[in-house]
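# Got a predicted structure plus its sequence, pasted below:
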Amino acid sequence: MILTGNPRLAAAWLFVTGLCGYFEYQRFSDAVQSPAGALAWLTFWEPETTLPFLILVALPLLCLIFGSSCTNAQHDVQHAGARRCRWLSWLAVTGVSLAASVWVGLQPVNVQTGLVTESVSFCDLPPTYHDEYSYLLQAETFAAGRLSWPPAPVRPDLFHQFHVLNEHRTASRYFPWTGLWTSLFLQTGRPIIGHWLAGALAAGFFYLAASEVLRPQAALTAGLLIGCSPGLALFSNMLLAHHPTLLALSVFLWTMIRLIRYPTMTLTLICGISLSLAMLGRPMTAAGFALPWGLVFGWRIVWSTESQWSSQRFQLLACMAVPLTVGFVGLGVLNQETTGSFFRSPYQEYTETYTPRHVYGFNNGIRGEANQTPKVLKSYDQWADNLTWSVAVRNTGHRCLASAQWTLGIAPIVMGLTLVLLRVCLPSQDQFHQTIVLWLMIASVLTLHLVHVPYWFSGIMHWHYVFETAPLILTLAAAGFSLLTREISQGVPHRVRRFWLISFLLAALLPGWLTAEAMWGPSKISSATSELAWSRRQFEKFNRMVNLPAVTKPAIVLVDETASDPQLSYIINDPEYQNDVLVARLPGTPDEINELQDSFPDRTFYRFDPRSVTLTPIKPE
């Protein structure tokens, strides 16, 4: 029986069922008091708890029914061909991930231009966030064989693009790995393909990492969950740093797990290169992710008495240190080019100059207010809340909740993590290496959260600062599910166990991908793409408007940003300022407009009002 013979499963089942049951009871109480009565409880489902709760309740019934009719239920068969077919599983995982990314990218979005409404794929619209345009500029810079461009020729403040330096040199504020990766795909006309591919390869390498410590079926479960995670697929359709960084971290994790057990110079070199690339993508994320593994590697280098470590300490240390050193030197060269200082990054330069309230650490608002200058982007800078301990706790809670929601679903993630915690706290002697690796994965999740506690913003979708924990969480959950299927095996046929687990996982996955108005309503993907598409529509409408034949080219469009949304800026230009249509901020006085017209005598000037979405000519005076 589930509640008497399997204490670990019983504890996890009671905890998760009680959690879901509590929220379902609240829903039922509200439904009873509504005009529709108790029927409303079944009519309007909560996607995170309703279906998982019903499936959880069914588990002891299955054990009761099948446990009494089947005496030989231990079917932990090791398939001899599992390892031989690992490459097929790798292809399946990467294929599922790629298909999921493409599915999100092909979601239709209606764009209205005048009286005409056109359906455009989500991936064919302009990017959502300012950050994405900065990464695109970075990719164009590297593709042109450059580190930066000359500064804005006239009035850098009017031509200032969010997250781009343009006074001493024109360059993205961000670290270079994302731009390097994206530059490889610019010629396709759809640079987002690079992020789709990065996500697919990352899923494959995380599967390989899981296969080093989990049984073949559990590793494949982890890989497939990563491949079809709605949150991972959604972020693969944004040109942010996450997926190139995730790819580097996946290779790092795979090689590090192998390295801990079988150290070789080749593995260490690959591990060092991948960590260096991750550091050049998202340094804080890479540091938080790699810290527990680095401590174990350092301990082995210094203290291990095993011959395979002691005989090549300095070689292994060099293979890890040299790629990291090369990466830091390369970053210093880029810093020198863009900021004039080897040790001052464009990120630091931009934050201190334009958004001092956005700095890392507590009381960022108070410190930022003490460093205000005329160059500060007031509306964007004021967006940052002052970080206190209460705000930090709230942000951490939001990040944890969003991690469960967007990786898979709250119920299965809590169940899987509860089981894996019980598993590593009560390990068997023959699972020592596996237990160490699982503990290190748990530590990586914790340290990645911890390094972002001192940041005021919870993140895009309350998640993106800890986004890279998603594959770790799913791998840990898969390890928990592996324990679950073994724990309920006493008296339950193999097919029944598998059917129950698949049903439990689908109960979380289906609301992520499929819209069901009669049950849980719009899918997570549908809701998220609809929300993200709003700014994409605005950019698309603006681009279509300024490229109409009625607009005399070459032109300069001056955008009136008075009381406009700081999250939506149309100031995006070619780094050489050679566009047929240049875009700048509307100056504060007519004299400044006249000066601009004198600086660009061959261009026609227009004024764009974002609130009324109108474009009107500006006649020279």
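Structure received. Residues are numbered from 1 along each chain as shown.

# what's in contact with the worst-scoring helix or strand of the chain on mean pLDDT?
In the chain, the helix or strand scored least confidently by mean pLDDT, DSSP states H and E is helix 39-43, which has a mean of 76. Helix 39-43 is contacted from outside by E24, R27, F28, A31, V32, S34, A36, A518, using C-beta atoms under 8 Å, 6 or more residues apart in numbering. For the C-beta atoms, the positions are set from N, CA and C on the backbone; glycine is no exception.

# swap the cut-off to 6 Å and go again
With contacts defined as C-beta atoms under 6 Å, 6 or more residues apart in numbering, helix 39-43 is touched by R27, F28, A31, S34.

# Name the residues of that helix that are buried.
Applying a neighbour-count criterion of 16 or more other C-beta atoms under 10 Å, the buried positions in helix 39-43 are A40, W41.

# P566: what's it in contact with?
P566 is in contact with S379, Y380, counting by C-beta under 6 Å, 6+ apart.

# okay, and for the stretch 501-621 of the chain, where does confidence drop off?
Low-confidence segments of the stretch 501-621 of the chain (pLDDT under 70): 621.

# check contacts around the residue nearest in space to the middle of the chain.
When C-alpha atoms, centre = their mean is applied to the chain, the residue found nearest the centroid is F467 (4.0 Å). By C-beta under 6 Å, 6+ apart, the contact set of F467 is H242.

# Could you report the separation of R611 from Q538?
11 Å (C-beta to C-beta, to the nearest Å).

# Between the two, point out the one with more neighbours.
Shown here are R611 and Q538; by other C-beta atoms under 10 Å, Q538 has more neighbours (18 against 10).

# Count the neighbours of the closest residue to that one other than its chain neighbours for me.
Sequence neighbours aside, L568 is the residue nearest to Q538 in space, at 6.1 Å (criterion: C-beta to C-beta, 6 or more residues apart in numbering). Number of residues near L568 (other C-beta under 10 Å) recorded here: 17.

# How about the secondary structure of L568?
coil (DSSP: H, G, I helix; E, B strand; the rest coil).

# now the contacts of helix 39-43 as TSV including neighbour count?
Compiled in TSV, the contacts of helix 39-43 are given as follows (neighbours: other C-beta atoms under 10 Å):
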residue	neighbour count
R27	18
F28	15
A31	17
S34	13
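
# quick one: which of those sit in helices?
R27, F28, A31 (DSSP state H).

# Mind pulling the model confidence for the second one?
Which is F28. pLDDT for F28: 88.

# How much space separates it from W406?
27 Å.

# do the same with the first one
Going from R27 to W406 by C-beta to C-beta gives 22 Å.

# Equivalent analysis for R394, please.
On the measure of C-beta to C-beta, R394 and W406 end up 18 Å apart.

# For these two, indicate the residue with more neighbours.
W406 (25 against 12).

# Which pLDDT value goes with that one?
Reported pLDDT for W406: 96.

# Run a quick check on it versus G231, I expect a contact.
Yes - the pair formed by W406 and G231 meets the contact definition of C-beta atoms under 6 Å, at 2.9 Å.

# hey, what's in contact with both of those two?
Common neighbours of W406 and G231 (C-beta under 6 Å, 6+ apart) do not exist.

# In three-state terms, how would S530 be classified?
Under three-state DSSP, S530 comes out as helix.

# okay, now it: neighbour count?
Count around S530 with other C-beta under 10 Å applied: 13.
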